[in-house]
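Novice: dropping the sequence and predicted coords here.
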Amino acid sequence: MPQYILLLRDDRQKVRGHESPEEMQKVTERYLAWRNKSFVVGGAGLVATTGRVMQKKNGSVSVTAGPFSESKEVMGGFYTIEAASFEEAVKLSADNPHVDFGTIEIREVMQK
Amino acid sequence: MNEPSNPVLLEHLFRRQAGRIVSWLTGLLGSQHLQLAEDSVQEAMLRAAQTWPFQGVPEKPEAWLFRVAHNHAISALRRSSRFEDNAGELIAALEATTKCIEDVEVEQSLRDDELRMIFICCHPELAQDARVALSLKLVCGFSVSEIARIFMAEENTIAQRLVRAKRLIREQSLPLLMPYKAGLQDRLNSVLEVIYLMFSGGYAAHTGEELIRRDVCLEALRLGQLVASSSMTAPRVDALVALMALQAARLPARTDAAGDMVLLEEQNRSLWESELIALGFYYFDRSIAGEQISDWHVQAAIAATYAKAESAESIDWPAILEHYDQLVAMTASPVVALNRAVVVVKVHGAEAALAALAPLEGHAAMRGYHLLPAVRGRVLAELGRLAEAYAAFSAALECDCAEPERRFLQKQLESVRGRWKEPPLDKSSAQETPIPRLPSTCLLRKSKPT
């Protein structure tokens, strides 16, 4: 079965207003419910406070800090799912609660 | 995912643990480091919300939250060690407790930390509205915006109230020690007062937000039980818990599907929560054990008399009136006297009730209070003095009151106008509509709302 990766980016604006413990629990429960669905095969959260961007400039590798959680959109984590087709993958992702808190980018994993 | 499915999170787990962790860390660090304790809790909650959606719920979620908050406090202290003289000592104190974290579920000492936190939130140096907000924030884990919603206040107002209170705690280094003897009794009274204000805040007939209001009521009940199960308890604590449980039992029946108020006598008793009623009677029996009778006792007795009646028709009004007579003598509160007048209608009739209301007119504390003209309007309507009743309801509607109460008063006003032989405004509305009865439940409030 083809696999798809969902890249979750948080929108700081939309996360605001959910900072109380009760709200954070409610939001977490929504993600957990989605994560428990049978088509989800993996995933991981990414630490928001550390990050480095590396690239080669003028022959040497430059390392810059970021992207940080202060920037408008930061990658919060990813899920891997299984679906019969790209269309199905999109359909299955539509009720991921993250659509309320940022963007989801869906990419198909290239098969061997 | 392909592993065993996640355990379901306990209801209010985050909020409950927030209160416990702040209390625990503040107990270790001292009240001048309250902010660090709060920041550490916020960090733990945030980390859980960022990690658990992907990794799943850890095996011991409570211990996980404690550990993350604990680690955050230690690293924050390390960073500040250049400015903070005793950072080393504090770090050592925190590190010494690492082992306890796994036992958070069984720790009796955590209950003591929570109790100490309630007692410092109710310190006499703090203004009373600050005590309520601070308890909700620190002990119960509500956020500023949630507290603002509960009290229909501006978020800024609540935030400033909290900042001032916390600054006072920090600057005066208010100790987390329990007061002794006479001091303890005074503080206990302040704690009970705050718990009941918290409860009334949730219980008030505001529109919408039913869930959070119910949560606040149940939190107040929980804190009451926490105090009642401690060594500091007194019969009046049991009485307060009984009162709150019996009132909270009626919450589901208090509004109809449209969100309109349903009066106690018209409530569907099958909606009353039998577990809370049973809890109320349990604490009520306990409260009688002592020799002293507090006003909480009498209020609980009133709530118990309502709860005991199997139907609206079998309410023992003379017994309730007797309790009110006692309460008026104890409190000298005009609001209590107003509530008593409502019961006088049932026992001695409207004419007697009107006489009971007379001394309240012109009372300074009653100025602008919508329930005085509302009660007078109801009594006058029963006597058939419709023009005066109409004027009274109009006066009530000119006062500030919550939206459901406003709709309720509006209905009464219209029904009086309908019964009026010569309607002053609109002849088409002159049909017979029943007069809704008085909101005796919402009259149980001790003092005038601010």
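Specialist: Received it, and whenever you're ready, just let me know what you need.
Novice: ok, now which ones touch residue 82?
Specialist: Here I'm looking at chain A. Contact analysis of A:E82 by CB atoms under 8 Å, 6 or more residues apart in numbering or on different chains lists A:1-4, A:39, A:41. Any C-beta I mention is one placed from the backbone N, CA and C, and that applies to glycine too.
Novice: ranking these by neighbours, who comes first?
Specialist: When neighbours are taken as other CB atoms under 10 Å in any protein chain shown, the top entry among the contacts of A:E82 is A:Y4 (23 neighbours).
Novice: helix or strand right after the helix or strand where it lies?
Specialist: Using DSSP states H and E, the element containing A:Y4 is strand A:3-11. Going down the chain from strand A:3-11, the next helix or strand is helix A:12-15, by DSSP H and E.
Novice: pLDDT of that following helix, averaged?
Specialist: Average pLDDT, helix A:12-15: 70.
Novice: so it, near chain B or not?
Specialist: No. Counting by CB under 8 Å from any CB of the partner chain, chain B is not contacted by helix A:12-15; separation bottoms out at 9.2 Å.
Novice: the strand holding A:Y4 near chain B at all?
Specialist: No. Strand A:3-11 does not reach chain B (CB under 8 Å from any CB); its nearest approach is 8.8 Å.
Novice: just give me how far that strand sits from the chain centre.
Specialist: Remark: strand A:3-11 is offset 3 Å from the chain centroid, using CA atoms, centre = their mean, to the nearest Å.
Novice: what does it contact?
Specialist: Residues outside strand A:3-11 that contact it (CB under 8 Å, 6+ apart): A:41, A:69, A:72-83, A:86, A:89, A:93, A:96, A:98, A:101-109.
Novice: for it, which positions count as buried?
Specialist: Within strand A:3-11, the residues that qualify as buried are A:3-6, A:8-10, counting by 16 or more other CB atoms under 10 Å in any protein chain shown.
Novice: which among those gets closest to B:M261?
Specialist: Closest approach to B:M261 among the buried residues of strand A:3-11 (CB to CB): A:D10, at 41.9 Å.
Novice: contacts only, for B:D260.
Specialist: Residues in contact with B:D260 (CB under 8 Å, 6+ apart) are B:404, B:407-408.
Novice: in helices, which of these appear?
Specialist: In helices, defined here by DSSP state H, the members of those are B:404, B:407-408.
Novice: can you list phi and psi of A:G77 for me?
Specialist: Torsion angles at A:G77 (phi, psi; degrees, to the nearest 10) stand at phi 160, psi -180.
Novice: likewise for B:P179?
Specialist: With angles defined as degrees, to the nearest 10, B:P179 sits at phi -70, psi 160.
Novice: which strands or helices does the helix or strand of chain A with the lowest mean pLDDT pack on?
Specialist: Sorting the helices and strands of chain A by mean pLDDT, DSSP states H and E puts helix A:12-15 at the bottom, at a mean of 70. Helix A:12-15 sits against no helix or strand, with contacts defined as 3 or more CB pairs under 8 Å, 6 or more residues apart in numbering or on different chains; DSSP states H and E.
Novice: give me the three-state assignment for the residue nearest to the spatial centre of chain B.
Specialist: By CA atoms, centre = their mean, chain B has its centre lying nearest to B:F199, at 1.2 Å. Following DSSP: H, G, I helix; E, B strand; the rest coil, we place B:F199 in the helix state.
Novice: what's the neighbour count on the nearest residue to it once chain neighbours are set aside?
Specialist: The shortest distance from B:F199 to any non-neighbouring residue, by CB to CB, 6 or more residues apart in numbering or on different chains, is to B:A220 (3.8 Å). A count of nearby residues for B:A220, using other CB under 10 Å, gives 28.
Novice: equivalent analysis for the one 5 residues further on, please.
Specialist: The burial count assigned to B:Q225 is 18, neighbours taken as other CB under 10 Å.
Novice: same check on B:A245?
Specialist: 28.
Novice: thought B:E275 was touching it, still the case?
Specialist: No. The criterion here is CB atoms under 8 Å, and B:A245 misses it with B:E275 at 9.0 Å.
Novice: put the buried members of the contacts of B:D260 into a ChimeraX selection.
Specialist: Listed next is the ChimeraX selection for buried residues among the contacts of B:D260, using 16+ other CB under 10 Å:
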select /B:404,408
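Novice: now render the contacts of B:D260 as TSV, adding pLDDT.
Specialist: Below are the contacts of B:D260 laid out as TSV (pLDDT from 0 to 100):
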residue	pLDDT
B:P404	81
B:R407	89
B:F408	89
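Novice: neighbours around the nearest residue to B:W272 once chain neighbours are set aside, how many?
Specialist: In this structure, B:W272 finds its nearest non-sequential neighbour in B:A249, 4.9 Å apart by CB to CB, 6+ apart. Residues within reach of B:A249, counting by other CB under 10 Å, total 21.
Novice: one more: B:E273?
Specialist: When counting by other CB under 10 Å, one arrives at 16 neighbours for B:E273.
Novice: buried ones in the biggest helix by length in chain A?
Specialist: For chain A, the longest helix by residue count, based on DSSP H, is helix A:21-35. Buried residues in helix A:21-35, counted by 16+ other CB under 10 Å: A:21-25, A:27-32, A:34-35.
Novice: do stretch B:229-245 as well
Specialist: So for stretch B:229-245, counting by 16+ other CB under 10 Å, buried means B:230, B:232-245.
Novice: so which of those reach chain A?
Specialist: The subset of these lying close to chain A, counting by CB under 8 Å from any CB, is empty.
Novice: of these, the lowest pLDDT goes to which?
Specialist: B:M232 (86).
Novice: list the contacts for residue 24?
Specialist: Answering for chain A, as no chain was given. A:18, B:14, B:45-46, B:48-49.
Novice: wait, chain B
Specialist: Applying CB under 8 Å, 6+ apart, the residues near B:W24 are B:66, B:110, B:113.
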